[in-house]
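Trainee: Quick one, fold the following:
(4 chains)
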Protein chains: 2
Amino acid sequence: MASTPDLQPGSAQAVYAALRRRFSDGAYAPGQRLTEMALAADLGVSRTPVREAIGRLLTDGLVVPAARGVAVAALSPIEAEHLFVLRADLEALAAELAARRQAQGHLAPAEVDALDRAVDEVEVAVRAHDPRASAQANLALHRAIGAAAGNTFLEETLHRVWDRIAVTTVANLDDPHWAGAITEQHQAIVRAIRAGDAEAARRAAKAHIEAAGRAYKPLT
Amino acid sequence: MASTPDLQPGSAQAVYAALRRRFSDGAYAPGQRLTEMALAADLGVSRTPVREAIGRLLTDGLVVPAARGVAVAALSPIEAEHLFVLRADLEALAAELAARRQAQGHLAPAEVDALDRAVDEVEVAVRAHDPRASAQANLALHRAIGAAAGNTFLEETLHRVWDRIAVTTVANLDDPHWAGAITEQHQAIVRAIRAGDAEAARRAAKAHIEAAGRAYKPLT
DNA sequence: TTGACATACTTTGCATGCAATGCATACCGT
DNA sequence: ACGGTATGCATTGCATGCAAAGTATGTCAA
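Mentor: Residues are numbered from 1 along each chain as shown, chains lettered A, B, ... in the order given. As a prediction, the model looks like this:
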């Protein structure tokens, strides 16, 4: 857990961003306790901004009140299932909207090409059996689709869901069965978006996330 | 804006809850500036917990950074449209899940009956041309459907979306055209849930929110 | 009359201080 | 030896203090 090179004092927002980033990177283990004093020392700021950031993480659901302060939120199997149900629907909507924008010419060709490249990059990382790179490339692709949907609120909601899952996800992408299927599913989504087929895009995205949910195995 | 009868000191969470509640009630006008000093005086606490609460409201998107502190977030027409697109999909999912639970016998009969009663209460309020009661009853019905879906994360996300819309929604339920249609649409959703027809529930809910989006007229 | 500039003030932002709370630990009694 | 209790410590939670930044206002000059 390399300590961040001391944020300059003038940045309470930065503390939250830094913490959020760490969660997104899966830097914290579920159940781990966080003390504001330790974080303050680690980030080189006083307790006040840290305290503020922790408050935000509480409403994000990324941490929960614990005996002494807060603990990194875990994800029970049932919660994980619920989260994936929501995520499947949201990503289905994102793919649908992206396809619709493509059909109406609102999507820049460069953006669509970027999706294809992102699919390739996931495949490369998965083939290389690099779990960390795989997870990162995979997230990048899904983020790109989210952006292509052109709906700020949807995008923000997706980020919340992803971060919530990221806490317990290391990389399940090493499952050979799943590794073989992932590229095909990604291609199906992007192909439908490129074709401007909203219905197909929705179905493909939904099926993909549902498959991901089945492949999901929590960390602990 | 009746000032809250001084929260007992021992409650920073309560400050956030109180503010969140005010937003949900539409107590603040879009663009209105909030100063932490004024809020602190109003709530009878110091600036620190207020500051923390405002930070959370920032991540909620309910307030935005402004010249002097923060201002109540407004909703541009394009943002409103995006929000309703997301909301339509989320409520469609909620109705679908509720219907599925009903089909599997996981939904208590009392809960389904409560939905019918909620529909009636909305109709009564709308017929009485009581905008405030109408909005409240309407929200109660949608909340009940959200709860019936049995998915915490979906429910929480819906609350975020509702609160974000509530800021600018007074009550568009006075539109006679809309008033005539709303009960019918509500009934269609609840009927489908009762029948355990997930697909019909989804379609009905989606259509209902899309209609609500068309009827939506912001405050300013 | 209007525009620009300087000044003062309001307000935020962070750090620290102080009190309260809850847990761990060690000690004592049985 | 075991259980209960008391004490001390780690840590939170809120209030206040101090410095910085940006804004509004008033004044002066053109």
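
Trainee: From residue A:164, how far off is the nearest residue to residue A:30 once chain neighbours are set aside?
Mentor: Once flanking residues are discounted, residue A:30 sits nearest to residue A:74: 3.7 Å by CB to CB, 6 or more residues apart in numbering or on different chains. For glycine as for every other residue, the C-beta is placed from the backbone atoms N, C-alpha and C. Per CB to CB, to the nearest Å, residue A:74 is found 11 Å from residue A:164.

Trainee: Residue A:122 now?
Mentor: 21 Å.

Trainee: Between these two, which has more neighbouring residues?
Mentor: Per other CB atoms under 10 Å in any protein chain shown, whichever of residue A:122 and residue A:164 has more neighbours is residue A:122, with 25 against 22.

Trainee: mind listing what the more buried one touches?
Mentor: A:134, A:137-138, A:141, A:182-183, A:186 (CB atoms under 8 Å, 6 or more residues apart in numbering or on different chains).

Trainee: Quick check: mean pLDDT of the top helix by length along chain A?
Mentor: As assigned by DSSP state H, the longest helix anywhere in chain A is helix A:77-103. Averaging pLDDT along helix A:77-103 gives 97.

Trainee: do the same with stretch A:209-220
Mentor: Stretch A:209-220 comes out at a mean pLDDT of 79.

Trainee: Same check on stretch A:25-41?
Mentor: 89.

Trainee: Would that stretch count as contacting DNA strand D?
Mentor: Yes - Stretch A:25-41 lies within reach of DNA strand D by CB under 7 Å from any atom of the strand, at A:34-37.

Trainee: just those residues now: which is nearest residue B:50?
Mentor: Nearest to residue B:50 among the residues of stretch A:25-41 next to DNA strand D is residue A:36, at 18.4 Å by CB to CB.

Trainee: tell me, how many neighbours does the residue nearest to that closest one when sequence neighbours are not counted end up with?
Mentor: Of all residues not flanking residue A:36 in the chain, residue A:50 sits nearest, at 4.6 Å (CB to CB, 6+ apart). Neighbouring residues of residue A:50 were enumerated by other CB under 10 Å; the total is 24.

Trainee: So what angle separates the directions of the helix or strand harbouring residue A:141 and helix A:77-103?
Mentor: Following DSSP states H and E, one finds residue A:141 within helix A:131-148. With axes from the mean of the first three to the mean of the last three CA atoms, to 10 degrees applied, the angle from helix A:131-148 to helix A:77-103 works out at 50 degrees.

Trainee: Narrow the residues of stretch A:25-41 next to DNA strand D to those in helices?
Mentor: Filtering the residues of stretch A:25-41 next to DNA strand D for helices - DSSP H - leaves A:36-37.

Trainee: Tabulate the residues of stretch A:25-41 next to DNA strand D in TSV, adding columns for neighbour count and distance to residue A:148.
Mentor: Below are these laid out as TSV (neighbours: other CB atoms under 10 Å in any protein chain shown; distance: CB to CB, whole Å):
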residue	neighbour count	distance to residue A:148
A:34	19	35
A:35	14	41
A:36	18	39
A:37	12	43
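
Trainee: Closest one to chain B out of the residues of stretch A:25-41 next to DNA strand D, please.
Mentor: Distance to chain B, by CB to the nearest CB, is smallest for residue A:36 among these, at 11.9 Å.

Trainee: Next up, the contacts around the most centrally placed residue in chain A.
Mentor: The centre of chain A sits closest to residue A:162, judged by CA atoms, centre = their mean, with a distance of 3.0 Å. By CB under 8 Å, 6+ apart, the contact set of residue A:162 is A:24, A:87, A:139, A:142.
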